[in-house]
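Participant: build me a model from this:
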Amino acid sequence: MGVAVSSWPLARAVASRGQLGVVSGTGLDAIFAHRLQLGDVGGNLREAIEHFPLRDMAERVWDRYFVPGGKKPDAPFKSKPVPVAKMSRALAELIVVGSFVEVFLAKAGHSGQVGINLLEKIQIPTVPTLLGAMMAGVDYVLMGAGIPRAIPAILDDLAALHSTQLRLDVAGALPDESFFVRIDPSEYASQPLRRPNFVAIVSSTALAATLFRKSTGQVNGFIIEGATAGGHNAPPRGAMQLSDAGEPIYGLRDEPDLAAIRDLGLPFWMAGSYGTPEGLKKALALGAAGVQVGTPFAYCEESGIAPEIKRRVLERHTCVFTDPAASPTGFPFKVAQIPGTLSEPEVYEARERICDFGYLRQVYRKENGTLGYRCASEPIEDFVAKGGDLAETVGRKCLCNGLIATVGMPQIRKNGFVEPPIVTAGDCVTDVSQFLPEGRTSYTAADVLDALLG
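Facilitator: A predicted model of the protein is given here:
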């Protein structure tokens, strides 16, 4: 659900109806810092931060970024530290507090359950994000876009307030080298925390079996996500072949063996165009515990997507292109074709390449044994100078800036250039208008749930 698309208002609306509301954990430090600079409209952030157990830490973060009345519309957002393996205390505090606030607000005012979704590909902020979410009582952790084998044990460590670490994937690391992100949760919490359930997002039977048997802690279920889902998709198995339109071709090898997954004995949910009454019935018939719904919620009133983008999607037929090159991760990425966004070649060409959030940067080993960071979407000469392959820069888009712009918080450059959005959606985006009540031009999360649950 992108960066702040599935934010706390949407997760709260879903959880209050007895379903699992999920907040996006991607880039929460940037989102929280931007919301503070917009003046905390409605006072929700102030309400949540009052409940953070370490008052001095909370106030440091607040004072660093809060702008009374909000920044001027044409002023840029104040920058924040870029994630690095040995992150500053200031960045760690921002991540922990921002994650706590997001989950706290999602859980407020009801007795339902709330989860947080993270990407394995974005490793550096993961552990402090999990800690902040657990301090707010998060019920589920969902993670995909990789093989998150280490996360279950990290959740155990955080719950017990034991120091923990996440091993980084480092390009060029020597066979006997390991690099980690470390945190001591006892510096942030004084009482043991409740360990949330861990659900892995997978696209293949083999990956589900690997996580079931080889994870360092308990896995509590799986989300089986197909190639029609929005955001990042798993690449096709084997050598990638493209259609005449330039999209990856998926085949029978990419369809999971649900019988084998059922034999693992854990609950699973189906995802990828299952967000309809018919899709829910089909999933239950296949033995699933339910479905994960993304795109229908992404364009409801409570989602974080800017209202103008939602209006465009609901008013006209929107095509979705599975772009094999857009994401610097190398994973295919679903891009909705909407005028004025990075899906248009002229908008893409007009943007000066810059990497100032750094979430999707690849960590690599320098010749002197220290760590470096490069992104295929950064300035080409910088990427190549860091040992990157020139071919990897072709067609790459800055998802960090683009997705943050999609939720109405674009960075404004010194020359007045406003970062354009990039919009993602599942293939079922063409059908979201079915949730519009008669005579209305928008729909709510409750409308989606009413339609799904009958």
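
Participant: so after the lowest-mean-pLDDT helix or strand in the chain, what's the next helix or strand?
Facilitator: Taking mean pLDDT, DSSP states H and E as the measure, the chain has helix 205-214 as its least confident helix or strand, at a mean of 90. Heading C-terminal from helix 205-214, the first helix or strand you meet, by DSSP states H and E, is strand 221-225.

Participant: so how far is that next one off the chain centroid?
Facilitator: Relative to its chain's centre, strand 221-225 lies at 16 Å (C-alpha atoms, centre = their mean, to the nearest Å).

Participant: CA atoms of that strand as CSV?
Facilitator: These are the backbone C-alpha positions of strand 221-225, laid out as CSV (Å, rounded to 0.1, in the frame of the first residue of the first chain):
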residue,chain,number,x,y,z
GLY,A,221,1.0,-17.5,8.4
PHE,A,222,1.5,-16.5,4.8
ILE,A,223,0.0,-14.1,2.3
ILE,A,224,0.1,-15.6,-1.2
GLU,A,225,0.5,-12.7,-3.5
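
Participant: which residues does the residue lying closest to D156 once chain neighbours are set aside contact?
Facilitator: Taking C-beta to C-beta, 6 or more residues apart in numbering, and ignoring the residues beside it in sequence, D156 has G217 as its nearest neighbour in space, at 5.0 Å. Quick note: C-beta positions are derived from backbone N, CA and C, even for glycine. If a contact means C-beta atoms under 8 Å, 6 or more residues apart in numbering, then G217 has I151, P152, A153, I154, L155, D156, F198 as its contacts.

Participant: narrow those to those in strands?
Facilitator: F198 (DSSP state E).

Participant: let me have the contacts of G217 in TSV, adding neighbour count as columns.
Facilitator: Putting the contacts of G217 into TSV (neighbours: other C-beta atoms under 10 Å) gives the following:
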residue	neighbour count
I151	24
P152	21
A153	16
I154	23
L155	25
D156	16
F198	24
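
Participant: so which of the contacts of G217 belong to helices?
Facilitator: I151, P152, A153, I154, L155, D156 (DSSP state H).

Participant: ok, of the contacts of G217, which one's closest to V423?
Facilitator: Nearest to V423 among the contacts of G217, counting by C-beta to C-beta, is I151 at 28.7 Å.

Participant: surely the closest one is in contact with V141?
Facilitator: Yes. I151 is in contact with V141 according to C-beta atoms under 8 Å; the separation is 6.9 Å.

Participant: intersection of neighbour lists for the two?
Facilitator: Common neighbours of I151 and V141 (criterion: C-beta under 8 Å, 6+ apart): L130, F198.

Participant: give me the low-pLDDT residue ranges for the chain?
Facilitator: Within the chain, the segments meeting pLDDT under 70 span 1.

Participant: and the strands in it, which stretches?
Facilitator: Assigned by DSSP E, the strands in the chain fall at 21-24, 114-119, 140-144, 164-167, 170-171, 180-183, 197-202, 221-225, 268-271, 290-292, 320-323, 333-336, 362-365, 371-374.

Participant: packing partners of the fourth one?
Facilitator: Same thing as strand 164-167. When contacts are defined as 3 or more C-beta pairs under 8 Å, 6 or more residues apart in numbering; DSSP states H and E, strand 164-167 packs onto helix 126-135, helix 151-159, strand 180-183.

Participant: looking at the ones you listed, which one is packed in the most?
Facilitator: Mean neighbour counts were compared across the helices and strands packed on strand 164-167 using mean count of other C-beta atoms under 10 Å; the top stretch is helix 126-135, at a mean of 27.

Participant: and that one, how far out from the chain's middle?
Facilitator: With C-alpha atoms, centre = their mean as the basis, helix 126-135 stands 14 Å off its chain's centre.

Participant: residues near T228, how many?
Facilitator: When neighbours are counted by other C-beta atoms under 10 Å, T228 registers 18.

Participant: same check, this time on A350
Facilitator: Using other C-beta under 10 Å, A350 is surrounded by 11 other residues.

Participant: show the contacting residues for it.
Facilitator: Residues counted as contacts of A350 (C-beta under 8 Å, 6+ apart): none.
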